[in-house]
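**Q** Here's a sequence, model it:
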Amino acid sequence: MKIWLRTKSAGFSSWVVVWQKLAEALAKQGHEVAPYPFALPKEWNAADVVEIWWGDPATWNWSMDNPLLRVGIALSEARSIQSKGKEAALANLRRCALLICPSEHASSAYREAPLDVPISVVLFGADTEEFSFVERDWAEELCFLHLGITQYRKGSWLVPESFRKAFGQDEDVRLVISCPRKKSPMFASLKREYGWDGRIRFSEDFVSSSFEAYSQSHVLVASHLAEGFGLCILEAMATGMPCLVSRCSAPLEFFKADYGWWVEMSELYAPVAWCLENTSGFWRLPDVGDLAVKMRLAYENREQCQQKGLAGAQYVRSSLTWTHTARAIIELLEGRLL
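**A** Model prediction:
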């Protein structure tokens, strides 16, 4: 099978990481994958190609030729398609023979849209070679890590507040807030507000891989209001990190208390439009007090942390690698081509 996996993004981003990992995994299954997302190899006949677009459907640009099959891969953190570009998104989605989403939660916006396109769910995976298991010293100062773009949807502002509720100044604990982009207003704001606390470090160090950040920390804090999938959680689990995860959205489909602790949700809600412009709906907020309690539980139960981290790493390797993702996608494609 010849596969042209496409994406709009060019620079480093989570979108490009997914494109790269998917392309590598599909090729390892013995299929020909176009080396670039922007141009079809000259020697390929478009009529023999499965054209797959990944990313925001509003930005897809289907080829003018008639490929063997058109497939979309898309996610959504909200139950509504963003108003800006909605008509373009729907037009592109209607040209798909199949739409694949990385979680049932991510599929809800499309299942409830005016579309008559078959939708299947294939969970994304982690690269267990890049994110190898790390032997951590659980007797040393415990380090919590909040990683990814520091923003409202990630619940980033809740993390230092909960951390300071959970721990006194004299305890051997620290928090790292690691953001890969310099242009995050919330990152800058939190740094101004909490940067004076020597236990809280704000990092913009990693560029192409977050493995170093994981390997230097003990517990991941994923305090999201919504996730279309939650790749950082899987990557952290692969390295043996227990995770504190908001009990909502996509992680409900692959995470459980064997691999860390759930952060319970509060009775407070906030508009989705505060993060996704012109998007209807509300997100429920994680409970600040419960996040502090779960941080404390992790701090006081190091052996349990180690056991949960090991269980998570074993689960990812047995069920949620990019190889698992690629095999499931190939099975769907072959089913459509029969």
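**Q** ranges for the helices of the chain?
**A** Assigned by DSSP state H, the helices in the chain fall at 14-28, 86-93, 104-111, 158-166, 185-194, 211-215, 231-238, 288-300, 302-319, 322-337.
**Q** His224 is nearest to which of those?
**A** For those, proximity to His224 was assessed by Cβ to Cβ; helix 231-238 is nearest, at 9.1 Å. From N, CA and C alone the C-beta is placed, and that goes for glycine too.
**Q** Remind me what the closest one packs against, helices and strands.
**A** Judged by 3 or more Cβ pairs under 8 Å, 6 or more residues apart in numbering; DSSP states H and E, helix 231-238 is in contact with helix 14-28, strand 142-147, helix 211-215, strand 219-222, strand 243-246, helix 302-319.
**Q** could you dump the helices of the chain to TSV with distance to Arg70, mean pLDDT and mean neighbour count?
**A** Compiled in TSV, the helices of the chain are given as follows (distance: least, Cβ to Cβ, whole Å; pLDDT from 0 to 100; neighbours: other Cβ atoms under 10 Å):
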stretch	distance to Arg70	mean pLDDT	mean neighbour count
helix 14-28	16	92	19
helix 86-93	9	96	17
helix 104-111	15	96	20
helix 158-166	41	98	21
helix 185-194	37	95	16
helix 211-215	35	94	19
helix 231-238	25	97	27
helix 288-300	43	98	19
helix 302-319	29	98	18
helix 322-337	10	96	17
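**Q** and Trp53, which of those helices is closest to it?
**A** Nearest to Trp53, of all the helices of the chain, is helix 86-93, at 7.3 Å by Cβ to Cβ.
**Q** for the closest one, packing partners?
**A** If you count contacts as 3+ Cβ pairs under 8 Å, 6+ apart, helix 86-93 packs onto no helix or strand.
**Q** any idea of the angle that helix forms with helix 104-111?
**A** 100 degrees (axes from the mean of the first three to the mean of the last three Cα atoms, to 10 degrees).
**Q** Please tell me I have it right and Leu332 contacts Ser120.
**A** Yes: in this structure, Leu332 is within contact of Ser120 by Cβ atoms under 8 Å, at 5.5 Å.
**Q** and for those two, which residues touch both?
**A** Common neighbours of Leu332 and Ser120 (criterion: Cβ atoms under 8 Å, 6 or more residues apart in numbering): 98, 100.
**Q** In this structure Tyr299 contacts Leu142, no?
**A** Yes: when contacts are counted by Cβ under 8 Å, Tyr299 is listed as touching Leu142 (5.4 Å).
**Q** what residues are shared contacts of those two?
**A** Counting by Cβ under 8 Å, 6+ apart, the common neighbours of Tyr299 and Leu142 are Val173.
**Q** Which pLDDT does the model give the nearest residue to Ser132 once chain neighbours are set aside?
**A** Residue nearest to Ser132 in three dimensions, not counting chain neighbours: Thr239, with 6.8 Å by Cβ to Cβ, 6 or more residues apart in numbering. Model confidence at Thr239, given as pLDDT, is 98.
**Q** my read: Thr239 touches Ala213, true?
**A** No: using Cβ under 8 Å as the test, Thr239 is too far from Ala213 to be in contact (9.9 Å).
**Q** show me the contacts for the residue nearest to Ser132.
**A** So Thr239 contacts 131-134, 211, 214-215, 313 (Cβ under 8 Å, 6+ apart).
**Q** mind showing which ranges of the stretch 51-200 of the chain have poor pLDDT?
**A** Within the stretch 51-200 of the chain, the ranges that satisfy pLDDT under 70 run 181-182.
**Q** Strands of that one, start to end?
**A** Assigned strands in the stretch 51-200 of the chain, in chain order: 69-73, 98-101, 119-121, 142-147, 173-178, 200-203 (criterion: DSSP state E, counting those that start in this stretch).
**Q** Using JSON lines, lay out these together with mean neighbour count and distance to Lys84.
**A** As requested, these are exported to JSON lines (neighbours: other Cβ atoms under 10 Å; distance: least, Cβ to Cβ, whole Å):
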{"stretch": "strand 69-73", "mean neighbour count": "22", "distance to Lys84": "19"}
{"stretch": "strand 98-101", "mean neighbour count": "23", "distance to Lys84": "20"}
{"stretch": "strand 119-121", "mean neighbour count": "16", "distance to Lys84": "22"}
{"stretch": "strand 142-147", "mean neighbour count": "23", "distance to Lys84": "28"}
{"stretch": "strand 173-178", "mean neighbour count": "22", "distance to Lys84": "29"}
{"stretch": "strand 200-203", "mean neighbour count": "17", "distance to Lys84": "31"}
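**Q** Would you mind saying which of the ones you listed lies nearest Ala27?
**A** Nearest to Ala27, of all these, is strand 69-73, at 16.2 Å by Cβ to Cβ.
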